[in-house]
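1. can you look at this prediction? I've put the sequence above it.
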Amino acid sequence: MLATQLIQVLGDYQVYGQDLDSLSDIDRLVNDSRKSVSNACFIAIKGENFDGHQAVEDVISKGVRLLIVEKWDEKWSELDACFVIVPSTFRAQAILANQFYGEPSTKMNVVAVTGTNGKTTTSTIISDLLNVLDRKTGLIGTIHYKVDQKIYPAVNTTPDALTLQSLFNEMVESDVQDAIIEASSHALALGRLWYTDIDCAIFTNITREHLDFHKTMEAYTYAKSLLFAQLGQRFVNGKPRLAIINKDDVHSKIMAQATAANIVSYSLNDPTATVYMTDYHAGVGSIQFSFKYKNKEYTVQLPMLGEYNISNYLAAFLCLVTYYQFSAEEVVEATQLFKGVSGRMQAINRGQEFTAIVDFAHTPDAIEHVLKELTRKKKRRLMILFGHSGGNRDSEARPEIGDILFKYADYIILTADNPRFEPIAKICSELVQDHDEKPYIVIEDRQEAIKHAILEAKEDDIILFAGKGGESYQIIGNENIPYNEAETVQATINALMNQDLI
């Protein structure tokens, strides 16, 4: 793409150094100096740990001749490059990425799911059922990024605008019809979804999370509402955009007020919702429930636990029947082939005498929902293995989380989650506070803690391995260490069954 063609979409900019017309065609956009190559355009982003403006000389030495920056330094005047000065490189990044890749999100159906809990489960159900219904999908979220059958590790739940538009472009080139994305509050607040053309937005719920970043619940809620405000007010293919809202959440009215889109709703108990649950039964590793939609009742079974997963399913169901306009019967039939979501109320059954469940629950609300659900099912003890993320990740939530652990669990194993540079003993002490009414132990190494839990378990006990879910890493210090909770639990149970665990 010509440099002039790329830059012309920017409204407020100034050019220093070389003329735009003198540059070679731009064949790559980068915001990481390590990925700089000749004929790339480098966008200098000021991040949490590094300012891209510090890498100007480095990227030019690698052949970059077009740089997007927020400030001008006179020492750059001697450099052989063209500098485009803009008020915000974050905003310019979103605009330029959309221009460079040819507005890829307009060439697919894009569904975005936001909320504190349920984003991964809801988006995965939608993607998996669309696959069953013979549609190619892309999926962007916490567990991984997927382009049809190709899987990439997830760096953030929602990547930066440049990475996101690049993934959308790859999806278009792979003939993907539908992109399903998790829209995190960080992404919405930081503009990572700018110039993503969203057709259907889904709201699951809001509970306390990420207040280390947002500071207040009001700011957190506002960030979530941006997804609905940005749906727009124009018809596409003869119909308005769609908002799917959880009527059971107290913040649902805020999301509804933020958008001009068509609104449909779901509920576990409100018959005025578009779809609502009418009956529910929990089995050992599955849930069966009935729900009513357009005066007809349907019954489905999911290979998951938790009443809240019924809520997630109803959101996905509405997306498929209201936005995609599949019949309810088609969706219910496709649901029979749904295999569950990795690390979301995932039962690990290797023939052991106790129940082992892996779940991502890490917020106060999610942990309480899971523990309440398992309390109703327990025959003997309910054990939990848990460790809160370090690095001041909403550390003020720890006392509340600790209260919940000691309220519901019969035995508590505290361990590492993603401690980063924060001492694990400090994290655990802030969870325990002055509780001593239930037995607990601190084992800092998570794999050793899992081994202890499995050796400690007796017949009819339930162990909940909480916090990691489907995450593929542990962050210790500044190192991302490959890790898979479900595989670790399964391997440890196998060792127990083979009498290799000592």
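-> Thanks, I have the structure now.

2. quick one: G52 from Q99, how far?
-> Plainly put, G52 is 20 Å away from Q99 if you go by C-beta to C-beta, to the nearest Å. Using the backbone N, CA and C atoms, a C-beta is placed for each residue, glycine as well.

3. please apply the same query to V86.
-> 14 Å.

4. settle it for me: which of G52 and Q99 has more neighbours?
-> Neighbours were counted for G52 and for Q99 using other C-beta atoms under 10 Å; G52 has more, 23 against 19.

5. what count of nearby residues applies to the closest residue to the more buried one other than its chain neighbours?
-> Nearest residue to G52, sequence neighbours excluded (C-beta to C-beta, 6 or more residues apart in numbering): A44, at 3.5 Å. Residues lying near A44 (other C-beta under 10 Å) number 23.

6. just confirm A44 contacts W72, I think it does.
-> No. When contacts are counted by C-beta atoms under 8 Å, A44 is not listed as touching W72 (11.5 Å).

7. for M277, see how far away the residue sitting furthest away from the middle of the chain is.
-> Distance from the centre of the chain peaks at E78, with 44.2 Å (C-alpha atoms, centre = their mean). Distance from E78 to M277, counting by C-beta to C-beta: 68 Å.

8. for E456, see how far away the closest residue to D197 other than its chain neighbours is.
-> Nearest residue to D197, sequence neighbours excluded (C-beta to C-beta, 6+ apart): S105, at 4.3 Å. For S105, the distance to E456 equals 49 Å [C-beta to C-beta].

9. what does S184 give?
-> 36 Å.

10. the two: which is more packed in?
-> Neighbour count, other C-beta under 10 Å: between S184 and E456, S184 has more, with 23 against 16.

11. ok, that one - contacts?
-> For S184, the contacting residues are 114, 119, 156-158, by C-beta atoms under 8 Å, 6 or more residues apart in numbering.

12. could you redo the last one with a cut-off of 10 Å?
-> Shown in contact with S184 (C-beta atoms under 10 Å, 6 or more residues apart in numbering): 114-115, 119, 141-142, 156-158, 190, 192-193, 209-210, 223-224.

13. pull out the buried positions in stretch 219-237.
-> Within stretch 219-237, the residues that count as buried by 16 or more other C-beta atoms under 10 Å are 220-231.

14. correction: the previous question concerned stretch 331-342.
-> So for stretch 331-342, counting by 16+ other C-beta under 10 Å, buried means 331-332, 334-335, 338, 340-342.

15. and if you look at stretch 389-398?
-> 389-390, 393-395, 397-398.

16. wait, doesn't the residue nearest to G52 sit right on I68?
-> Yes. The pair formed by A44 and I68 meets the contact definition of C-beta atoms under 10 Å, at 6.5 Å.

17. shared neighbours of these two, anything?
-> By the contact definition C-beta under 10 Å, 6+ apart, A44 and I68 are jointly contacted by 31, 52, 83, 86, 89, 92-93.

18. among these, which ones are in strands?
-> Of the shared contacts of A44 and I68, the ones assigned to strands by DSSP state E are F83.

19. okay if I get the shared contacts of A44 and I68 as a markdown table plus pLDDT and distance to L382?
-> Converted to a markdown table, the shared contacts of A44 and I68 look like this (pLDDT from 0 to 100; distance: C-beta to C-beta, whole Å):
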| residue | pLDDT | distance to L382 |
| --- | --- | --- |
| N31 | 93 | 46 |
| G52 | 91 | 49 |
| F83 | 95 | 61 |
| V86 | 96 | 55 |
| T89 | 94 | 50 |
| A92 | 95 | 52 |
| Q93 | 94 | 47 |
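
20. take the shared contacts of A44 and I68 and keep only those in helices.
-> Per DSSP state H, helices hold the following members of the shared contacts of A44 and I68: 89, 92-93.

21. which stretches of the stretch 151-300 of the chain have low pLDDT?
-> Where the stretch 151-300 of the chain drops to pLDDT under 70, the residues are 208-214, 284-285.

22. and if we set it to 80?
-> 154-157, 208-215, 217, 282-285 (pLDDT under 80).

23. one more: the stretch 351-500 of the chain?
-> 391-394, 499-500.

24. all strands of it, in order?
-> Per DSSP state E, counting those that start in this stretch, the stretch 351-500 of the chain carries strands over the ranges 355-359, 382-386, 411-414, 440-442, 462-466, 473-476, 479-482.

25. and those strands as CSV, adding distance to F168 and mean neighbour count?
-> Listed next are the strands of the stretch 351-500 of the chain as CSV, based on distance: least, C-beta to C-beta, whole Å; neighbours: other C-beta atoms under 10 Å:
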stretch, distance to F168, mean neighbour count
strand 355-359, 30, 26
strand 382-386, 36, 25
strand 411-414, 41, 22
strand 440-442, 44, 17
strand 462-466, 33, 26
strand 473-476, 25, 18
strand 479-482, 25, 10
